[in-house]
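A.B. asks: Dropping the sequence and predicted coords here.
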Amino acid sequence: MAKDQANLQNPTEQNPKPPFDTPMQAEPGLAKYMHPKPDHGEDSYKGSGRLKGRKALVTGGDSGIGRAVAIAFAREGADVVITYLPQEQIDADEAMEVLQATGQKVAAIPGDLTDEAFCRELIAKAVDELSGLDILANVAGKQIFQESIADLTTQQLQDTFAVNLYAMFWLCKYALPHLPAGAAIINTTSIQAYQPSPGLLDYAPTKAAIKAFTEAFAKQVVERGIRVNAVAPGPIWTPLQPSHGQTPEKLRKFGANTPMKRPGQPAEVAPAYVFLASPESSYITGEVLGVTGGNHLS
Ligand code: NAD
Ligand code: MG
């Protein structure tokens, strides 16, 4: 993918490989200060009307996977609302510039998803902006590496669960009354749900819970004609990682332990969300789609 969506390319030779020397950042990190710059598909993603007329809310849409998903959705013909933390306005401005150029209706609504009231208000505002809602992409997430359980504070434990799990739960709950038959929810789990790292003792369980929630919720809402799936990325080059998602040593080698020996770029993950949002995947629900560079979801 990356620079060219259509032509034959060797995936092992696409995109940057370790070693990396991007600086560590405070959380939440900004794509703006990463090098190499993550590829969100700005120059490469070509739409073909696969989401024409659709109305999408994308959380974490300022940067990383969320930005790539928002760009792909808009280029496929969807109107898109993105949400992100107020501290990420610089990245959100960059994302919005690309989104506005699509000519679709787009809007940016900053706020903190760990606040249930904001989640409720966000759904109401998105429905208002888009005159409805039929795609919910829950992409926002928090990951802070801690070598030992002794260093993992109760505050971090609660925050990680709130961003990754509670916010997704609240957004699904408040969105559901608005979703018509044919709507799609796409959650973001991780290879960490299957192969948890010792330094992600809080994060990995949230991703396992997201997988279980996705499977259970898919069965609950199937009768309404709503599909619920999840994407499970492997290592992806986003601001989550240099903002203490990894140790500096692990960040240097980021992606080296995949069969492709490199991290994925956000632009390589977005097509999975497009597929799961579009009616092309009409017989797929309660599924987890891995985008891992070859490591197994097992
Ligand atoms: P990212 O930092 O670009 O995106 C995460 C986003 O979450 C931030 O941009 C921010 O807007 C949002 N967020 C965090 N806390 C929030 C809060 N309290 N309120 C509102 N928004 C908040 O990084 P990313 O890697 O693109 O992450 C997107 C998703 O992908 C996350 O769920 C992450 O767990 C998942 N994921 C990432 C990787 C990876 O290697 N990058 C691998 C597997 C899964
Ligand atoms: Mg961000």
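C.D. replies: That came through fine. Numbers count the residues shown, from 1 in each chain. Ligands and ions are numbered 1, 2, ... in the order given.
A.B. asks: Number of residues surrounding the residue in the stretch 101-250 of the chain that ligand 1 sits nearest to?
C.D. replies: The minimum distance from the stretch 101-250 of the chain to ligand 1, using Cβ to the nearest ligand atom, falls at G141 (2.3 Å). Every residue, glycine included, has its C-beta placed from N, CA and C. Neighbours of G141 under the rule other Cβ atoms under 10 Å: 27.
A.B. asks: Provide the secondary structure category for it.
C.D. replies: Local secondary structure at G141 is given as coil here, using DSSP: H, G, I helix; E, B strand; the rest coil.
A.B. asks: so what pLDDT did it get?
C.D. replies: Taken from the predicted model, the pLDDT recorded for G141 is 98.
A.B. asks: try K3
C.D. replies: 61.
A.B. asks: again with A6
C.D. replies: At A6, the pLDDT value in this model is 82.
A.B. asks: Could you verify that it is part of a strand?
C.D. replies: No - the assignment for A6 is coil, going by three-state DSSP, so no strand is present there.
A.B. asks: The closest residue in space to it that isn't next to it in sequence: neighbour count?
C.D. replies: Excluding its sequence neighbours, the residue lying closest to A6 (Cβ to Cβ, 6 or more residues apart in numbering) is K46, at 7.8 Å. Using other Cβ under 10 Å, the number of residues around K46 comes to 11.
A.B. asks: Phi, psi for H244 please.
C.D. replies: For H244, the backbone dihedrals are phi 70, psi 20 (criterion: degrees, to the nearest 10).
A.B. asks: Give me the phi and psi for the closest residue to it other than its chain neighbours.
C.D. replies: Leaving aside its sequence neighbours, H244 sits nearest to I144 (Cβ to Cβ, 6+ apart; 5.0 Å). Note on I144: its backbone torsions stand at phi -130, psi 120 [degrees, to the nearest 10].
A.B. asks: neighbours around I144, how many?
C.D. replies: The burial metric for I144, expressed as a neighbour count using other Cβ under 10 Å, is 20.
A.B. asks: before we move on, what SS does the residue located most distally from the centre of the chain have?
C.D. replies: Each residue of the chain has a distance to the centre, and by Cα atoms, centre = their mean the biggest one is for A150: 29.4 Å. For A150, the reduced secondary structure class is helix; criterion used: three-state DSSP.
A.B. asks: How about stretch 259-279 and ligand 2, touching?
C.D. replies: No - Stretch 259-279 stays out of contact with ligand 2 when judged by Cβ under 5 Å from the ion, the minimum separation being 10.8 Å.
A.B. asks: And that stretch, what's buried?
C.D. replies: Within stretch 259-279, the residues that qualify as buried by neighbour count (16 or more other Cβ atoms under 10 Å) are 260, 262-278.
A.B. asks: Distance check, D202 against G132.
C.D. replies: Separation of D202 from G132 (Cβ to Cβ, to the nearest Å): 36 Å.
A.B. asks: Which one's more surrounded, those two?
C.D. replies: D202 (20 against 15).
A.B. asks: List the contacts of that one.
C.D. replies: 144, 146, 152, 156-157, 160-161 (Cβ atoms under 8 Å, 6 or more residues apart in numbering).
A.B. asks: which of these has the most neighbours?
C.D. replies: The member of those that has the most neighbours, counting by other Cβ under 10 Å, is T160 with 23 neighbours.
A.B. asks: hmm, the host helix or strand of that one touching ligand 1?
C.D. replies: Element membership of T160 [criterion: DSSP states H and E] is helix 154-161. No - under the criterion of Cβ under 6 Å from any ligand atom, helix 154-161 makes no contact with ligand 1; the nearest approach is 7.5 Å.
A.B. asks: and the very next helix or strand once past that helix, how far out from the chain's middle?
C.D. replies: Going down the chain from helix 154-161, the next helix or strand is helix 167-175, by DSSP H and E. Taking the mean C-alpha point of helix 167-175 and that of its whole chain, the gap between them comes to 15 Å (Cα atoms, centre = their mean, to the nearest Å).
A.B. asks: what about A209, how many residues close to it?
C.D. replies: Look at A209: counted by other Cβ under 10 Å, it has 17 neighbours.
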